[in-house]
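> what shape does this take:
(one chain, ligands or ions: 1)
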Amino acid sequence: MSAPAPLLRTRRVGRLIVHAIQAGGQKLDGGAMFGVVPKPLWERRIAPDERNRIQLGMRCLLVEHDAGLVLIDTGAGNKEDAKFYEIYAVENRGARGPTALEDGIIAAGHRPEDVALVINTHLHFDHAGGNTARGADGVVRLAFPNARYVVQRGEYEWATRTNERTAASYLPGNFVPVRDAGRFDLIEGEREVLSGITALPTPGHTPHHQSILIESDGEAALFVGDLVPTQAHLPLPWIMGYDVEPLVTLESKRRILKRATDEQWLLVFEHDAEVPWGRVRHDGKSYALVSEPAAAPAAVPG
Ligand SMILES: [Zn+2]
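As a prediction, this is how the structure comes out:
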């Protein structure tokens with residue numbers, strides 16, 4: 001088994017160059033990924049393996065902003081033991097860096113040291129696991145030593161006060177070292193964190209989950225995170241069983257997908273193993289992807 005490919009997809013959003021980095025694969029139970037949707041419906045969109053698991057990606061977004069490199073989410077990292085990565089079928093080993101994420105940053109022509117800002121949609125291990133990395137000496141350090149890290153204050157508090165249902169998703173090594181180093185900027189509600197980069201609260205998956213809007217020269221892209229993890233999750237009731245507040249997710253999706261359709265936003269799908277991004281339309285019944293003509297890959301450097 002190997003991680004979903006390609007490692008890197010690059011395009012422009014307005015003036016900004018953005019790189020979708022496939023920071024590895026993971027497999028999760030298909031039923032859990034689609035909540036109340038019956039299997040005969042979801043298996044037509046993503047076929048399960050013999051253990052009923054579906055192949056997912058862990059896509060991160062690297063934005064070349066005037067103020068420096070911005071990285072949205074960090075994949076599953078390298079700090080857990082082999083059994084942990086096996087349970088979730090995480091395939092994210094790096095050839096050059098600790099994980100495929102660092103490989104992707106290098107393939108885009110940059111270095112982890114160049115990342116100025118890391119934004120976490122939320123702090124689950126498959127989104128914030130790469131905030132820190134274990135070195136060859138066994139010591140855990142910040143994976144982006146010169147970056148500040150941004151997350152919603154409520155998400156940080158939720159991650160540090162877990163219960164029996166939420167604890168397995170929040171591994172302290174992914175965020176406590178960032179706090180201890182004084183690198184977290186804990187924000188509250190909608191906030192422009194850099195010019196043209198805005199955190200939009202999209203609660204439901206967790207109570208303080210956020211999606212990240214990138215705007216430049218009249219174009220916009222939204223990194224939706226776990227609000228719409230794959231393009232198969234575009235229909236409003238296709239909501240993960242993992243969500244702690246599924247009816248809140250429903251309202252977040254209704255609001256965001258309406259805006260995305262009206263304002264022609266490009267959506268970036270974090271967990272889709274194949275489709276990195278796309279625009280959406282409503283066909284009168286449901287939201288679906290608008291198929292885009294393939295862009296010429298030579299248009300941008302890196
Ligand atoms: Zn996730």
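
> now whichever residue of the stretch 51-200 of the chain sits closest to the ion, nearest residue through space, not along the chain?
Taking C-beta to the ion as the measure, the point where the stretch 51-200 of the chain comes nearest the ion is Asp126, at 4.7 Å. The way it works is simple: take the backbone N, C-alpha and C, and place the C-beta from them, glycine included. Nearest non-adjacent residue to Asp126, counting by C-beta to C-beta, 6 or more residues apart in numbering: Ala76, 5.0 Å away.

> now what about the helix or strand harbouring Val178, what contacts it?
Mapping Val178 onto the secondary structure by DSSP states H and E places it in helix 176-180. In this structure, residues lying in contact with helix 176-180 by C-beta atoms under 8 Å, 6 or more residues apart in numbering are 131-132, 140-142, 149, 156, 160, 184.

> that helix: which residues count as buried?
Using 16 or more other C-beta atoms under 10 Å as the burial criterion, the residues of helix 176-180 that qualify are 177-178.

> next one: stretch 232-249
Buried residues in stretch 232-249, counting neighbours by 16+ other C-beta under 10 Å, are found at 232-235, 238-240, 242-246, 248-249.

> restricted to helices, list those.
246, 248-249 (DSSP state H).

> ok, the residues you listed vs the ion, which is closest?
Thr249 (12.7 Å).

> skip the chain neighbours and tell me the closest residue to the closest one.
For Thr249, ignoring the flanking residues on the chain, the nearest one in space by C-beta to C-beta, 6+ apart is Gly204 at 2.7 Å.

> please apply the same query to Leu8.
That would be Ala107: by C-beta to C-beta, 6+ apart, it lies 4.9 Å from Leu8.

> now do Tyr149
Taking C-beta to C-beta, 6+ apart, and ignoring the residues beside it in sequence, Tyr149 has Val118 as its nearest neighbour in space, at 4.6 Å.

> bridged to the one you found, which residues?
On DSSP bridges, the residues paired with Val118 through beta bridges are Leu71, Tyr149.

> residue contacts, it?
If a contact means C-beta under 8 Å, 6+ apart, then Val118 has 70-72, 74, 131, 144, 147-150 as its contacts.

> how about Thr261?
Contacts for Thr261 were tallied using C-beta under 8 Å, 6+ apart; they are 280-282, 287.

> against Gly68, how distant is Arg148?
10 Å (C-beta to C-beta, to the nearest Å).

> got the confidence number for whichever residue of the stretch 201-302 of the chain sits closest to the ion?
When scored by C-beta to the ion, the stretch 201-302 of the chain has Asp226 as its residue closest to the ion, at 4.5 Å. pLDDT recorded at Asp226 is 98.
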